[in-house]
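[1] Kindly return the folded structure for what I paste below:
(2 chains, ligands or ions: 1)
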Amino acid sequence: MRHLTTAVALAAFSLTVPLTAQAQDEGPIQQVIEARHGFFTMLSRNMGVLAGMAKGDIAYDEAAATTAAANIEALTHYDLPGLFIEGSDSQTASADDSAAKPEIWQNMDDFRTKFQGLAEAASGASEAVKGGQESVGPVVGKLGQACKACHDDYREKS
Amino acid sequence: MPRTERPVRKIRLWDPLLRGFHWLLAVSVIAAWCLGRFGPDKMTLHFWCGYVVTGLLIFRLIWGFVGPAPARFSSFLRGPGAVADYARGMFLREPSHWPGHNPLGALSVIAMLAALAAQVSSGLISDPDDYINVGPLASYVSAATRSKAVGWHETGANVILVLVLLHLAVILFYRFWKREDLVGPMLTGEKAIRDRDGH
Ligand code: HEM
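    Below you'll find the predicted structure:
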């Protein structure tokens, strides 16, 4: 009987915990913002490898370059715009950490096009970086322009 | 002594290097500004314009100490009293015939030079997270600083726009309200001036 009471209490407790936590800071808005930041951090880490090799700061390594480029390609298949849900812009009080300009929601089609631009720049990148250090620079150039094109319009400068 | 008692005479006011500096600065700042806001995503040209501005600012700093008298900071930086005196006569509908930067205009000169120095500094350490337009000194500062620098650089660009528009507006004000041409002297070096106390 004691066990049963404990189990019921625990079950009741476990139901309330996620609810209260969600109401505080793990709500869907906080989640998508964190997911976005994680997404961009992954993009950045792989871009860092390629840019480092292009500049000669990191020794060229075909396997590492191919992996980094393939990671970026794979990330562009993720539905990033789906993480930009209503209320997760930089102006909304609950979205402190967001640097996403409200303009995204006024121009969602263009925002998607900008992300598509990155996907196009990334497509074939894992092949293009093969063959030597000099093949990395042009790939970084193409990808970087797609990053900038979107940041210019849709990312708040800190 | 009342100003009107001194005769107006033409002198060579601005030396050739200062004039060259001025027009090169105007061209490279406008180019840097437009390339920054409207130029291609790969900002190589913007960076080069910024380096030219940096070089020009260093020249101006040196020239402000060793150049001919009208170019020297010590000759045109004046106290609040002198600024207020000048400002009082500012709206008189007559040429100032001032031999150099007047006390109020000097403030605008310093504001523009300081804003440009701040602008090239923030540009040199900016990292806008695109891996292609990273300022050459970004790796020498913290990650938070190189990211904030991008914001400072955008604010700085707006400050520079305001200062440059003010600069142009005041030149038009002198030309059409005070009937004094300030552009000609910056092209030819020659200006009609009236000597005054302390000069
Ligand atoms: C007179 C000097 C300069 C002026 C007037 C200037 C002006 C500008 C302007 C108007 C922008 C666009 C800002 C925006 O609307 O977001 C910009 C961006 C930028 N500038 Fe400069 N700049 C100058 C010097 C420099 C220098 C020396 C560097 C570095 C070497 C630099 C690096 C950058 C970078 C990296 C960006 C891109 C920031 C972004 O992607 O958001 N700038 N600049």
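[2] buried stuff in stretch B:121-141?
    B:121-135, B:138, B:141 (16 or more other Cβ atoms under 10 Å in any protein chain shown). For every residue, glycine as well, the C-beta is placed using N, CA and C.
[3] Return only those of these found close to chain A.
    B:128-133 (Cβ under 8 Å from any Cβ of the partner chain).
[4] Tell me the one of these nearest chain A?
    Nearest to chain A out of these is residue B:132 (Cβ to the nearest Cβ; 3.2 Å).
[5] That closest one: what's it in contact with?
    A:51, A:140-141, A:144-145, A:147-148, B:41-43 (Cβ atoms under 8 Å, 6 or more residues apart in numbering or on different chains).
[6] Could I have the buried ones of those as ChimeraX selection syntax?
    To isolate in ChimeraX the members of the contacts of residue B:132 that are buried, counting by 16+ other Cβ under 10 Å, one can use:
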select /A:51,140,141,144,145,147,148 /B:41,42,43
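[7] So which of the contacts of residue B:132 sit within helices?
    A:51, A:140-141, A:144-145, A:147-148 (DSSP state H).
[8] Under a three-state scheme, what state does the nearest residue to residue B:13 once chain neighbours are set aside occupy?
    Nearest-residue entry for residue B:13: residue B:191, 4.3 Å, with adjacent residues in sequence omitted and distances by Cβ to Cβ, 6 or more residues apart in numbering or on different chains. Three-state call for residue B:191 (DSSP: H, G, I helix; E, B strand; the rest coil): strand.
[9] top helix in chain B by residue count?
    Ranked by residue count under DSSP H, the longest helix found in chain B is helix B:143-176.
[10] Number of residues surrounding residue A:47?
    Here the count is done by other Cβ atoms under 10 Å in any protein chain shown, and residue A:47 has 23 residues near it.
[11] circling back to that earlier point, of the contacts of residue B:132, list those near the ligand.
    A:148, B:43 (Cβ under 6 Å from any ligand atom).
[12] export the contacts of residue B:132 to CSV and tack on pLDDT?
    Conversion of the contacts of residue B:132 to CSV gives the following (pLDDT from 0 to 100):
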residue, pLDDT
A:51, 97
A:140, 98
A:141, 97
A:144, 98
A:145, 97
A:147, 98
A:148, 97
B:41, 95
B:42, 95
B:43, 97
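[13] quick revisit: let's see which of the buried residues of stretch B:121-141 end up in strands.
    Using DSSP state E, no member of the buried residues of stretch B:121-141 falls in strands.
[14] from these, which are also near the ligand?
    Near the ligand, judged by Cβ under 6 Å from any ligand atom, the entries from the buried residues of stretch B:121-141 are B:123-124, B:126, B:128, B:133, B:135.
[15] hmm, back to that, among the ones in helices among the contacts of residue B:132, which one sits closest to residue A:120?
    Here the nearest of the ones in helices among the contacts of residue B:132 to residue A:120, counting by Cβ to Cβ, is residue A:145; it sits at 11.0 Å.
[16] Spell out which parts of chain B neighbour chain A.
    Residues of chain B lying near chain A by Cβ under 8 Å from any Cβ: B:41-42, B:128-133, B:147-148, B:150-151, B:154.
[17] ok, 6 Å please
    B:41, B:130-132, B:147-148, B:150-151, B:154 (Cβ under 6 Å from any Cβ of the partner chain).
[18] Quick check: the farthest pair among these?
    The most distant members of the residues of chain B next to chain A, if one measures by Cβ to Cβ, are B:41 and B:148, lying 21.8 Å apart.
[19] which residues of the chain score low on pLDDT?
    Picked chain A for this. Across chain A, the ranges flagged by pLDDT under 70 are A:1-25.
[20] um, chain B though
    Counting by pLDDT under 70, chain B contains low-confidence residues at B:1-5, B:197-199.
[21] 90 - rerun?
    Scanning chain B for pLDDT under 90 picks out B:1-6, B:195-199.
[22] if we can go back for a sec, going by distance to the ligand, which of the residues of chain B next to chain A wins?
    Closest approach between those and the ligand, by Cβ to the nearest ligand atom: residue B:154, at 4.2 Å.
[23] did I read that right, residue B:9 in a strand?
    Yes - residue assignment for residue B:9, taken from three-state DSSP, places it within a strand.
[24] so what's it closest to, chain neighbours aside?
    residue B:193 (6.6 Å).
[25] gap between that neighbour and chain A?
    When distance is defined by Cβ to the nearest Cβ, to the nearest Å, residue B:193 is 45 Å away from chain A.
[26] For that residue, give me its contacts.
    Applying Cβ atoms under 6 Å, 6 or more residues apart in numbering or on different chains, we find residue B:193 in contact with B:11, B:97, B:99.
[27] Next, residue A:89: secondary structure please.
    Classified using three-state DSSP, residue A:89 is coil.
[28] now the nearest residue to residue B:154 once chain neighbours are set aside, what's its secondary structure?
    Leaving aside its sequence neighbours, residue B:154 sits nearest to residue A:157 (Cβ to Cβ, 6+ apart; 5.1 Å). On the three-state scheme (three-state DSSP), residue A:157 is labelled coil.
[29] before we move on, back to that, can I assume the residue nearest to residue B:13 is in contact with residue B:14?
    No - taking contacts as Cβ atoms under 6 Å, residue B:191 lies outside contact range of residue B:14: 7.6 Å.
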